[in-house]
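**Student:** take this sequence and fold it.
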Amino acid sequence: MKAILARSSGGFGLCEVAPPSIGPGEILVEMRACGLCGTDLAKLSQPKNSSGVILGHELAGVVRHVGPGITKFAPGDRVTAAHHVPCGACWACRHGNESMCPQFKATNIDPCGFAELIRIPRLHVEQVTIPVPDEMPFEVASFTEPLACAVRAVERSQVLPGDRIAVVGGGGMGLLIAQTVAAREAVPILLDISEARLALARTLQLTATINPAREDVSRRVAELTDGGGLDGAILTVVSEKILVQMQQVLRPGGRINIFAGPTDGPRLAVDLADLFYRELAIFSTYSSTPATLAKAFELLARNRVRVEPLISHRLPLDAFHEGVELQRTGMATKVIFHP
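**Tutor:** Below you'll find the predicted structure:
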C-alpha cells in the first residue's frame, strides 16, 4: 500500500509498504480523506529530524477489518479518529492540560494518516474514534480533529455569549476558531492582511474583519467594541508586533491565547506592568482532547461550523509534495488528500 513516511536518508516521501496488521481491540481503516495540518508543515520543515515522525492526523475512512473483541465497529462502518489519547488520570489530565499528558504524545495511529490503510490502536478505538453518518462527507468528517483543537482553544479562552474575540490569522485554523467563537454566540473579529482570506471569511458569515495592512487596528477595534476593547484574542499567527498590538486593545481582564509558535523567534517582549495592573492573561492551547473531539463532531453534524468552503485543493497521495508547497506558500487554505 502507499504511505507518506520518513525516509532513512531524511525527509518524507511516498513509500510502498505492507499493510499494518491489527490485534485485539484494534481496527483497520481505509483512508478516504486526510487533511494537511500546520503541524505537518512544521515537521516537514525539519527533514533532518524526520526519523520516527508520523504525519497526518486529520483522517476519515471506512473500517475494513476489526480485531478480536471489537463490538463497537464492523467492516463497512464510516469513522473518523484522532491520533493521540490522554490517560485521563495524571496531573496534566486532572488539571485540564490533557495534551501535556505523557501518554498523549506516546500514542499514535499506524503508520500515519497519509496512508491507504491505517491501524487504529485499542485506546484510540475506545476513546477517540467516532462513527460517521452516511450523510456526512468524508472530507467534512476529516475536520473533526482540527475543529476539536479550535473548540479547546475557545473553551480555554473562557469565551461567553456576547464577548468580542479577535482571531488573528484567516487561514484554515483561524476560520475554524472564528466560527467556533460564533457558535458560542460570541462575536469573532478576524484579522488578516489577505483580502482574499477576509472575503472567504465573510462568505462564512464572519462579517467583522480587519486588514492590519490597510486599517488602523486600534480604531477599528474601538468601533467594533463600542470603545470597550477586546474581551479576548486567539492568535493563530504570533509575532512580537501582533502580541504588543493585541495587548494594547484588550479590555482590563482580557485574555490572549497563543495558538501557534512565534514567527520571529521564541522570545517576545511583554509589558508585564500592564499585564499586572490590568489583570490580563497570556496563555496557550495545544491540540485537542476526547471531550472536544465529541463537541467538534457535533458542530459539524449540526452544520454549526462550515468546513467545505475551506477546502481549496483535493489531491492524491502521489501529489503530496505539491499539496505541501501549495499550503506552505499560502496558495491553499486547506489541502485534503485522497488515496
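**Student:** what about Leu190, how many residues nearby?
**Tutor:** Neighbourhood size, Leu190 [other C-beta atoms under 10 Å]: 27. (Glycine included, C-beta is placed from N, CA and C.)
**Student:** please identify the helix or strand for it.
**Tutor:** Using DSSP states H and E, Leu190 maps to strand 187-191.
**Student:** chain center to that strand, what's the gap?
**Tutor:** Remark: strand 187-191 is offset 18 Å from the chain centroid, using C-alpha atoms, centre = their mean, to the nearest Å.
**Student:** beyond that strand, next helix or strand please.
**Tutor:** Next along from strand 187-191, by DSSP H and E: helix 195-203.
**Student:** outline the domain layout of this protein.
**Tutor:** What the record gives for the chain is the domain set 2-148+288-338, 158-284, from automatic domain parsing.
**Student:** other SSEs contacting the strand holding Leu190?
**Tutor:** On a contact count with 3 or more C-beta pairs under 8 Å, 6 or more residues apart in numbering; DSSP states H and E, strand 187-191 meets strand 164-168, helix 172-183, strand 209-210, helix 217-224.
**Student:** so which bits of the second one are buried?
**Tutor:** Buried residues in helix 172-183, counting neighbours by 16 or more other C-beta atoms under 10 Å, are found at 172-183.
**Student:** JSON lines please, covering these and showing pLDDT.
**Tutor:** Output for the buried residues of helix 172-183, formatted as JSON lines (pLDDT from 0 to 100):
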{"residue": "Gly172", "pLDDT": "97"}
{"residue": "Met173", "pLDDT": "98"}
{"residue": "Gly174", "pLDDT": "98"}
{"residue": "Leu175", "pLDDT": "98"}
{"residue": "Leu176", "pLDDT": "98"}
{"residue": "Ile177", "pLDDT": "98"}
{"residue": "Ala178", "pLDDT": "98"}
{"residue": "Gln179", "pLDDT": "98"}
{"residue": "Thr180", "pLDDT": "98"}
{"residue": "Val181", "pLDDT": "98"}
{"residue": "Ala182", "pLDDT": "98"}
{"residue": "Ala183", "pLDDT": "98"}
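**Student:** export the residues you listed to CSV and tack on distance to Thr329?
**Tutor:** Shown next, in CSV, are these (distance: C-beta to C-beta, whole Å):
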residue, distance to Thr329
Gly172, 14
Met173, 17
Gly174, 17
Leu175, 18
Leu176, 21
Ile177, 22
Ala178, 23
Gln179, 24
Thr180, 26
Val181, 27
Ala182, 29
Ala183, 30
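**Student:** let me know the closest of these to Phe143.
**Tutor:** Lowest distance from Phe143 to the buried residues of helix 172-183 (C-beta to C-beta) belongs to Leu176, with 7.4 Å.
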